[in-house]
Every structure is written in C-alpha cells, then in structure tokens.
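K.L.:
Predicted model and sequence below, questions to follow.
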Amino acid sequence: MDYKVESLRCEYRKNPIGLDVKRPRISWKISSNYRGVVQVAYQIQVAVNDRNLSSVFWDSGKVESDQSVHILYKGPDLSSRTRYYYRVRVWCNDSKVSEWSDVNFWEMGFLDKSEWLGSWITGEFFPKSTNIDSCLMLRKTFTFNKKVRKARLYASALGLYEIHLNGQRIGDWLFTPGWTSYNKRLQYQTYDVTELLNNEVNAIGAHIGNGWYKGNLAFQDQRNIYGQELALLCQLHIIFEDGTEDIVVTDEHWKVATGPVLMSEIYHGETYDARLEREGWTQSDYLDTDWAGVKVIDHSKDVLIAQENMPTRVIEELKPASIIRTPSGETVLDIGQNMVGWIHFKVNGVRGKKITLQHAEVLDKEGNFYVGNLRAAKQTINYVLKGGGEEEYEPYFSFYGFRYVKIEGWPGEFDLNDFTAKVIHSDNQITGTFVCSDHMINQLQQNIVWSQKGNFLDVPTDCPQRDERLGWTGDAHVFMRTASFNMNTALFFTKWLRDLKADQLPNGGVPHVIPHVLRDEDHSSSAWGDAAVIGPWTLYVCYGDKRILEEQYESMKDWIEYIRNQGENEYLWNTGFHFGDWLGLDAKEDSYEGATPKDLIATAFYAYSTHLLGEVARLLNYNGDAEKYVLLHHNILDHFRNEFTTSNGSLIANTQTAHVLALMFDLLQIEDRPKVADALANLIIENNIHLTTGFVGTPYICHVLSRFGYSDLAYKLVFQKDYPSWLYSINKGATTIWEHWDGIKEDGSFWSDDMNSFNHYAYGAVGDWLYRSVAGIDTTISQPGYKHINISPSFEKELSWVKASYESMYGTIRSEWKKLSKGMEISLAIPPNTKATVILKGISNREIIERDDSVIIDMEGLLDWNFDEGNITLQLGSGEYNFII
Ligand code: RAM
C-alpha cells in the first residue's frame with residue numbers, strides 16, 4: 001500500500017499567520033490509490049522558527065489513533081509572534097509508515113493584550129469638522145538602515161481600513177477589520193510586509209472609512225451605532241538580520257488629511273472627487289506639510305482578537321453582458337448575473353465632469369431601471385473626473401447588490417471593455433459541486449451558490465442590496481447545511497457564532513440579527529434564536545468540530561433556559577413575539593406570517609433545540625445536564641402532543657409547515673408518523689402539488705417527504721415550474737434566490753417595494769436536499785464530519801443522471817449515478833481514513849457488478865453487505881468504485 005500525507009491545515013487554514021488560538025488543531029488528508037485505507041497511528045513534529053525541524057519543540061510520538069482531523073497541539077505553551085513549523089506522518093492499516101508530509105507552518109499573533117503598544121488615533125478635527133463624511137488618510141514616515149529579516153504589520157480600525165507601505169497596498173483583503181460585535185470583539189489582521197520595506201526612509205499610510213462601525217446601518221437609519229470617531233491602530237514589527245527589532249506604532253506623531261473619498265457608505269455608495277487625490281501620499285517623499293495632526297483616543301485594546309475567518313476578497317471578475325437603452329431612455333449595463341461587489345471602470349474625459357453609476361437588481365415590467373426594492377439604500381457612485389488622460393476607479397468601503405448599472409454623464413462612447421464587475425465575498429474554499437441532467441435544476445444550484453456568494457460577506461446576511469444586509473439568525477441557520485456543502489464555512493460560522501454568544505442577552509435571549517444592531521427589544525423569536533443551538537450543532541455535524549460545541553455550550557444552554565422561563569408552562573412556548581412561518585403563502589392578506597400557529601412552531605423548535613442540547617451535553621460528558629435536558633425534551637414532547645395533536649395523533653393545524661416540523665423534529669409518537677406524513681402528502685397534493693410554506697417549513701419539506709417514503713413527491717415539488725416553486729423564479733430570469741416566491745409576479749409586476757429582495761438565500765436551503773437526497777451524500781451523526789459517510793441516492797424519473805462531489809476534511813467524496821438504456825451506472829469516491837455505508841434502493845444483489853465485471857462480493861474494499869427488501873447495503877472502505885447495475 002502506498003499513501004501520502006497532504007493538505008496540512010492548522011485551524012482549517014494553510015500556513016496561517018497571526019493566530020491567537022492557544023492550542024491550535026491540526027488536520028491532514030491522506031491520499032492513496034488503494035482501497036480500504038485507514039490510519040492506525042500518527043506522529044506530529046513541531047519546531048520553532050526552523051523550517052528544517054532540526055531541533056524539535058514538540059513531538060507527539062507515535063499516537064495510535066485513526067483521528068486525522070482536529071488533532072490538538074499538546075506541546076509547550078506557544079509564544080506570540082513566533083512561527084511554528086510542523087510535519088506529520090501516519091501509519092495505515094498495513095502498518096507501514098508514510099513519508100513525512102511537506103513542512104507547513106502557523107504563526108502566532110499577539111497572545112497578550114499588553115503587547116499592543118500602539119494607540120488608537122484619529123484626526124484632531126474629528127468629529128467636530130463639517131467634513132465628517134470624508135474618509136480619513138493617515139500617514140507616517142520612519143527610517144532605519146539595517147537589513148530586514150522579517151516584518152509583520154498588525155492593524156485594526158474603528159471603521160474600515162486599507163493600508164499601504166511605500167506606495168503599495170498591503171494584501172488584497174477587503175472590508176477589514178471585518179464585522180463583529182465591535183464593542184466586545186474587534187479583529188486585527190496580520191500582514192507579512194518583509195518585502196515592502198526600503199532600506200532607509202519608509203512611509204506607511206492608512207485609509208479609513210465609516211463601514212459598519214459608524215456609517216448608516218440597519219433599516220432604522222441609524223448611524224454611529226458603535227462609536228462616533230473613526231480610528232486606526234497599527235503596529236509594525238521589523239526584525240533585522242542582527243536580531244534587533246524596531247516597532248512602529250500609531251501614535252501622536254502621525255498626520256491626517258481628507259482626500260478624494262468625500263463619502264463612503266456601505267448602503268449608499270461613494271462620492272469620489274478625483275481632483276482631490278493626493279498622489280503619492282503613502283510614499284516617503286510625499287510632502288505632507290498641509291496635513292493636520294492626529295489625536296490619540298481612548299478606546300479599549302482588550303477587545304482585540306486575531307482575524308477569525310477567511311478574509312473578504314475580489315474572488316472573480318465578470319465582463320458585462322451588454323449595454324441596454326431602456327424604454328425611458330436610460331443607459332444601463334447588464335452584467336448578466338445578479339451579484340455583489342462593484343464595477344471597476346476606466347474613463348477619459350474633462351476635468352470636473354461628473355459621472356453617476358447606480359446599481360439595481362432587476363428591471364421593471366417595462367424594462368426600465370428599478371430601484372424601489374432598495375428602499376433607502378442609494379447604491380450610487382458619484383465620480384468627478386480629474387481629466388488629462390485615462391483614469392480608473394473602484395469604490396473603497398461600500399458594496400452593491402446588482403445586476404444592472406445605470407450610467408449617467410459618461411463622456412464619449414461606451415465601450416464594454418471599460419467596465420469590469422468585481423465579485424467580492426468571504427474567501428471560503430469551494431467544496432461542493434452538484435450537476436444533473438436537468439438544466440433548470442442546474443440553474444437553481446447556480447442561483448443558490450450565487451446567493452451564498454452575495455450574502456457571505458464576512459457575516460451571513462439576509463440580503464446584500466437594500467438598507468438591511470444584516471445577520472438574520474433564522475435565515476443563517478436554515479441555510480447553513482447547504483452552505484457547508486457548497487463551501488467550507490467552518491471559520492465563517494465559528495466567528496459569527498462567537499458574535500451571537502457575545503451579543504446574547506443576560507437572560508439568554510438571542511437578538512434577531514447578529515451582530516446585534518437593531519433595537520433592544522428585537523430579540524428571541526422562535527426559529528430565529530434557535531440559531532444559538534442549531535448553528536454550533538450543524539458545524540459539529542459537517543466538520544466534526546467538537547470545540548465549537550464546547551465554546552458555545554453556555555450560549556446554547558442559556559437559550560434553552562430563556563425559553564423555559566417564558567410564560568406559565570415551562571414545557572410549552574406560547575408567549576412573546578415570533579416571526580412564525582415567515583412569508584408562508586397561507587398567510588392572511590397583508591400579513592407576512594404564515595398560517596401555522598406560532599406557539600406550535602415555537603414549541604417545535606424548543607423541543608428540537610432541547611434535544612440537541614441534551615445530545616451535546618452527553619458528547620461533552622456533562623452528565624447531569626444530559627439527563628436534565630433529555631427529561632426536559634420528553635416533557636416538551638408530551639406537551640406538544642397534548643396541545644397540538646388530536647387524540648388519534650393527527651395534527652390540529654392543517655398546514656404543510658406544521659406537519660413538516662412535527663415530522664422533521666420527531667415530535668410525534670412513532671406509530672403516528674406515517675399517518676401524519678400521509679396527511680402532509682395529501683395537503684400538498686390537494687394544493688395541486690405546490691407548497692404553501694415560508695422560511696420555517698420550506699427548508700425541511702423535501703427532507704421530510706423523502707424520509708417518509710414520498711421521494712417522488714419531493715421531486716415533483718422541486719420540479720414544479722409555475723408559481724409557487726423554486727423553478728418559477730428561474731422562468732422569470734432569476735440568477736439568484738428570491739426572498740418571495742413571487743418577487744416578480746406572473747404579470748411582471750413586483751411584490752411590494754417594502755420587502756422584495758432578489759438575493760436572499762433562505763429558500764436556497766433546498767440545496768441541502770439536492771446533495772443529501774438526490775445525490776445522497778451525508779455524514780453519520782455518530783461519526784460526524786464525514787468520518788463515516790452515508791451514500792444513499794434517490795433515483796426518480798425526473799432525472800437521468802446526477803454528479804455531485806463534496807470536499808470533506810478527509811478528501812473528496814463523490815456520488816454519481818446515470819441511467820443506462822438498460823440498468824444504471826454508479827460511481828463513488830470514498831476518501832482514505834473514512835468508511836461509507838452505501839444504500840442503493842430498489843436494486844437486488846444479482847443485478848450489480850463492478851465495472852470490470854467482477855461480482856461485488858469479491859470486491860476489494862467491501863467490508864460487509866446486506867441484501868434486503870430490494871435494497872442493497874454495502875459497507876465500503878475508502879477508494880473509487882464503479883458499479884454497473
Ligand atoms: C426580513 C429579513 C429576513 C427575515 C426577517 C424576519 O427583514 O430579510 O430574511 O429573517 O425579515
């Protein structure tokens with residue numbers, strides 16, 4: 001057997017710098033052409049600042065274990081700003097040892113807040129100046145004349161920052177320091193700037209803007225939510241060849257000015273006067289005599305934490321598809337894809353000429369530019385040319401949700417080549433692919449992915465275009481599983497869940513949006529607040545990450561205790577404010593809240609979250625709690641049944657969502673479930689095989705149907721093309737998921753302006769069903785993170801082939817099936833150090849052979865099999881398999 005250890009990761013990242021995790025975890029993949037590879041032991045070696053590992057700082061020794069993800073570093077305490085090189089080797093089931101892996105590293109940031117020597121600085125004119133909409137530019141020069149061995153810059157801001165050294169922008173990260181619950185947790189970023197320093201006079205310059213910190217935010221048109229003053233904090237450590245060190249920090253010696261960015265707001269766009277540019281302002285020879293002084297402000301450094309998630313970047317560029325002249329005479333660029341980011345443009349014109357670019361998602365019924373659904377968000381660039389040749393521009397601290405861009409004032413002819421659409425989002429690794437024989441389903445999958453891109457900009461937002469763009473908890477947790485197929489979201493959601501915990505109320509209540517920027521009373525709706533429990537649980541299931549459960553345990557428990565304390569009856573939740581089955585189609589006229597009783601929804605989620613909490617307590621060996629929450633769960637179930645089912649076990653609420661929740665969360669007596677599933681099927685059939693569900697019922701409806709034997713009905717629902725259905729929007733030209741089933745109505749008119757996003761991932765949660773049911777890729781909960789894989793595709797008549805893959809922490813899982821003129825072909829990949837249970841429904845043993853004609857019972861990699869009730873169940877070791885049926 002031959003195998004290799006590769007893709008080393010430390011805290012999910014390849015060679016991260018600036019970590020502040022005191023005990024990082026290491027993961028790796030094993031690659032092999034053999035079947036049935038299982039790791040039986042591993043060894044990790046770590047060295048300090050020594051790429052060759054000639055002197056080992058920590059050696060795990062040979063550890064007998066099949067664990068290859070999240071191995072805790074157990075060596076001596078780590079030191080700040082130090083690099084640790086590491087390598088791994090493994091023994092597999094043939095007892096041979098692999099070669100050592102390539103050497104990787106991680107590097108620590110600050111482990112102690114007292115290491116921050118810099119001060120928070122802002123303009124001395126701030127905030128009294130009338131010019132406070134402008135972004136600030138801060139700069140300083142410094143000198144040295146020794147040879148640099150390495151240099152690291154640590155930076156953060158109150159507001160958003162971009163930083164430059166000697167005329168060059170440092171890194172390509174956008175919207176730093178990211179959005180967290182700033183007053184409790186504020187990230188800093190670490191940059192390797194070794195190559196950017198000159199051997200004598202140097203200049204550092206930072207640009208800062210309002211961002212989430214002090215700009216317009218939330219639909220109550222608030223400003224200055226986190227503070228009044230923009231400020232910068234940075235600290236540059238320069239280590240010389242002779243071992244000495246210089247530290248350059250933000251202090252009272254910096255200078256400040258305003259420049260060309262006269263206004264920059266997340267929602268509203270940017271006003272940029274190129275005539276006010278200060279050319280060369282981040283270079284050492286720039287003359288800053290007219291710049292003002294800075295003042296040091298008092299702001300906590302105790303809240304600083306290292307960057308926790310993957311940074312936001314420009315991830316792809318699109319060329320606009322066309323330029324349109326609308327019936328009302330507007331000139332509009334069509335990107336061809338609803339997206340999030342901005343337009344980079346090149347322009348040539350006279351000094352002082354003003355250009356306006358306004359961004360929108362859709363055209364109206366007549367084909368005119370439409371901004372009604374943006375509410376107060378302006379999404380507008382006002383650019384004033386400096387003249388004298390070609391100039392280029394893209395915004396700094398604002399982003400737009402758009403497919404169309406209306407352009408006014410453009411000098412001369414339009415050339416599509418002058419415009420590039422830049423797509424920005426958190427740089428989460430793409431991990432999933434799903435394609436099949438139906439092009440509309442493929443478009444649906446694409447739309448889901450585009451809504452994920454558009455709404456994964458540092459926090460999971462509901463929408464990216466109107467004056468909202470907030471981390472709605474309900475939307476985030478229903479979409480999490482889908483999102484985690486499409487991309488690796490472990491760090492993204494870990495950061496966000498930490499903010500959830502930070503913003504949780506003292507009584508355990510959970511704000512509707514995280515970070516919490518709404519009113520004090522905006523918290524704790526059922527199904528939304530449950531993100532506190534379902535969120536960490538989902539990460540545990542997808543990544544086998546137990547640490548997130550440990551970290552969030554108190555937060556989970558506080559949420560359950562919050563619910564328990566509501567109302568008179570601790571086993572029911574029938575009080576308080578709830579969104580209900582938001583946007584359910586069975587809502588009364590003029591209401592957003594579906595017909596399913598809110599106390600039923602609330603108690604259903606209460607039961608489910610309590611069940612999960614009991615599971616988590618058991619996993620973490622909190623035995624007292626485990627018992628307590630198992631008991632609480634039983635009591636809630638009893639009360640749910642008393643309150644919401646009839647004496648013969650049917651549900652009293654005749655809505656699809658009520659049935660979906662009761663089945664999804666196992667709330668009914670086992671013997672009553674088939675009957676209730678049948679009742680759900682009937683409700684759907686009576687409704688002409690269409691759904692009436694909203695945000696709460698929709699994510700689960702297909703799972704429930706598939707699980708209870710109505711896979712054919714689930715397929716039919718998903719394949720519906722008329723309203724209401726997933727494919728209806730595709731027929732209407734959607735390239736992202738809509739907030740409403742009928743964002744654009746049959747007659748081309750819009751749902752009301754007040755809430756009509758065309759980029760809202762919540763209903764995209766059906767993606768999870770495509771992966772888990774149609775392609776059939778899932779993890780076993782008892783061996784989460786795909787350590788044990790379940791593959792159980794469902795073959796229905798609507799599709800002739802499916803190809804899906806998922807890049808797990810162990811490697812690539814693949815499930816592909818294809819109907820042949822006679823029979824079927826199935827190909828699977830199971831990564832090394834995992835096993836899989838494969839269930840092929842409706843297939844008997846005599847029908848299946850391996851592609852090379854061998855009978856499967858002799859097949860290498862087959863661990864066990866079972867032929868039963870027309871299904872084949874195979875237990876497989878790792879490897880690639882190709883079956884013909
Ligand atoms: C809307 C949001 C979000 C939803 C809430 C209840 O404003 O867009 O999607 O969760 O309402």
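P.N.:
Thanks, I have the structure now. Numbers count the residues shown, from 1 in each chain.
K.L.:
Secondary structure element for Glu816, which one?
P.N.:
Glu816 belongs to strand 811-819 when assigned by DSSP states H and E.
K.L.:
and that strand, which strands flank it?
P.N.:
Strand 811-819 pairs in its sheet with strand 801-808 (antiparallel), strand 824-830 (antiparallel), by DSSP bridges.
K.L.:
Looking at the last one now, give me its mean pLDDT.
P.N.:
In other words, strand 824-830. Taken as a whole, strand 824-830 has a mean pLDDT of 96.
K.L.:
So, low pLDDT: which residues of the chain?
P.N.:
Residues of the chain meeting the criterion pLDDT under 70: 126-132, 845-846, 853.
K.L.:
Would you map the helices across it?
P.N.:
Ranges of helices in the chain, per DSSP state H, are 211-214, 439-455, 473-486, 490-503, 531-543, 546-564, 598-619, 623-644, 656-664, 673-686, 698-707, 711-719, 726-731, 766-769.
K.L.:
Could you export the strands paired with strand 811-819 as TSV, including distance to the ligand and mean neighbour count?
P.N.:
Glycine gets a C-beta too; all of them are placed from N, C-alpha and C. Shown next, in TSV, are those (distance: least, C-beta to the nearest ligand atom, whole Å; neighbours: other C-beta atoms under 10 Å):
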stretch	distance to the ligand	mean neighbour count
strand 801-808	27	21
strand 824-830	36	20
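K.L.:
For the strand holding Glu816, buried residues please.
P.N.:
Gly811, Ile813, Arg814, Ser815, Glu816, Trp817, Lys818, Lys819 (16 or more other C-beta atoms under 10 Å).
K.L.:
now do stretch 19-38
P.N.:
Of all the residues in stretch 19-38, those buried under the rule 16+ other C-beta under 10 Å are 19-21, 24-32, 34-38.
K.L.:
same thing with stretch 176-194?
P.N.:
The neighbour-count criterion (16+ other C-beta under 10 Å) identifies 176-182, 184-191, 193 as the buried residues of stretch 176-194.
K.L.:
cool, stretch 328-343 as well?
P.N.:
Glu330, Thr331, Val332, Leu333, Ile335, Gln337, Asn338, Met339, Val340, Gly341, Trp342, Ile343.
K.L.:
and the third one, bridged to which residues?
P.N.:
Translated: Val332. When bridges are called by DSSP bridges, Val332 pairs up with Ile324, Lys406.
K.L.:
go on, Leu232?
P.N.:
Note on Leu232: beta-bridge partners Ile121, Ala157, judged by DSSP bridges.
K.L.:
returning to what we had before: which of the buried residues of stretch 176-194 come close to the ligand?
P.N.:
Among these, not one lies near the ligand by C-beta under 6 Å from any ligand atom.
K.L.:
From those residues, which land in strands?
P.N.:
Leu186, Gln187, Tyr188, Gln189, Thr190, Tyr191 (DSSP state E).
K.L.:
From Val261, how far out is the closest residue in space to the second one that isn't next to it in sequence?
P.N.:
For Gln187, ignoring the flanking residues on the chain, the nearest one in space by C-beta to C-beta, 6 or more residues apart in numbering is Pro177 at 4.5 Å. When C-beta to C-beta, to the nearest Å is the yardstick, Pro177 and Val261 sit 18 Å from each other.
K.L.:
need the residues of the stretch 451-600 of the chain near the ligand, please.
P.N.:
Within the stretch 451-600 of the chain, the residues that sit near the ligand (C-beta under 6 Å from any ligand atom) are Asp462, Cys463, Glu468, Trp472, Gly474, Asp475, Phe579, Trp582.
K.L.:
farthest-separated two in the residues you listed?
P.N.:
Using C-beta to C-beta, the two most remote members of these are Cys463 and Phe579, lying 15.6 Å apart.
K.L.:
out of the two, which sits in the more crowded spot?
P.N.:
Applying other C-beta atoms under 10 Å to Cys463 and Phe579 shows that Cys463 carries more neighbours, namely 28 against 21.
K.L.:
Can you tell me the closest non-neighbouring residue to the more buried one?
P.N.:
Using C-beta to C-beta, 6+ apart, the closest residue to Cys463 is Ser757 (3.8 Å).
K.L.:
Spit out the contact partners of the one you found.
P.N.:
Applying C-beta atoms under 8 Å, 6 or more residues apart in numbering to Ser757 gives the contacts Glu361, Asn373, Gly401, Asp462, Cys463, Gln465, Arg466, Glu468, Trp738, Glu739, Gly743.
K.L.:
make it 7 Å
P.N.:
Counting by C-beta atoms under 7 Å, 6 or more residues apart in numbering, Ser757 touches Asn373, Cys463, Gln465, Arg466, Glu739.
K.L.:
So the residue nearest to Gln187 is in contact with Gln189, correct?
P.N.:
Yes: because the distance of 6.3 Å satisfies C-beta atoms under 7 Å, Pro177 is recorded as touching Gln189.
K.L.:
which residues in the stretch 201-350 of the chain form strands?
P.N.:
Taking DSSP state E, counting those that start in this stretch as the criterion, the stretch 201-350 of the chain carries its strands at 201-209, 231-240, 245-249, 255-258, 261-265, 269-273, 292-297, 304-306, 312-318, 322-325, 331-348.
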